[in-house]
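*Asks:* here's a sequence, model it:
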Amino acid sequence: MGARVLDLPELTLILGGAASGKSVFAEGLVVQSGRARVYLATAQSFDDEMRAKVSRHQTMRGEGWRTIEAPLDLVPALAEAHRDEVVLLDCATMWLSNHMLADGDLAKAEAALIRALTDCVAPVVVVSNEVGLSVVPENALARRFREAQGRLNQRLAAEASLVVNVIAGLPQVLKGTLS
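*Replies:* Numbering: from 1, shown residues only. Below you'll find the model as predicted:
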């Protein structure tokens, strides 16, 4: 008897704090889908620490992933996905940070992302940080980021059929069911 295949909805959102296990959990869902795997990477490696983190994630993920690096424009990659694939977007938080640091039009970028996610023919699993559980940041940029991330997470959760919060590696389903 083979491993159980997970039937993923069109859009899944995996939330969690930093180092909560959300990426590992999301990768597991993608693998369990039995579909060809696409990793949509939004991180940019500007220093040795980030390069090491990206390398660790690649090693942990292992073989069998087609990786597309898209720190800002996710629309083409989502439009090119095939019906027999599953896309893991890791992560919406880095994507948002990239846009804020580039001083981009966040409302336009967010609207384009939501449209691309809903138009994508492959199931998409989005990883995003929950940033609203900590103290109010002391500087204006951090407060602006926290508010923007909260709004983005709410929009993603509204569109997603499955929303899971991961705390200490433990998944808690907030919306939908894991089947």
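*Asks:* so in this structure, which helix runs the longest?
*Replies:* Longest helix of the chain, by residue count under DSSP state H: helix 140-159.
*Asks:* which secondary element of this protein has the worst mean pLDDT?
*Replies:* Ranked by mean pLDDT, DSSP states H and E, the weakest helix or strand in the chain is helix 48-61, scoring a mean of 72.
*Asks:* so the following helix or strand past that helix versus helix 48-61, what angle?
*Replies:* Once the chain leaves helix 48-61, the next helix or strand it forms, by DSSP states H and E, is strand 65-69. Orientation note: strand 65-69 sits at an angle of 160 degrees relative to helix 48-61 (axes from the mean of the first three to the mean of the last three C-alpha atoms, to 10 degrees).
*Asks:* helices and strands around strand 65-69, which ones?
*Replies:* Packing contacts for strand 65-69, counted by 3 or more C-beta pairs under 8 Å, 6 or more residues apart in numbering; DSSP states H and E, involve strand 36-41. The C-beta positions use only the backbone N, C-alpha and C, and glycine is treated the same way.
*Asks:* quick one, the strand it packs on and helix 48-61 angle?
*Replies:* Using the same axes, to 10 degrees, the inter-axis angle of strand 36-41 relative to helix 48-61 is 170 degrees.
*Asks:* and strand 36-41, what other elements does it pack with?
*Replies:* So strand 36-41, by 3+ C-beta pairs under 8 Å, 6+ apart, packs with strand 65-69, helix 75-80, strand 85-90.
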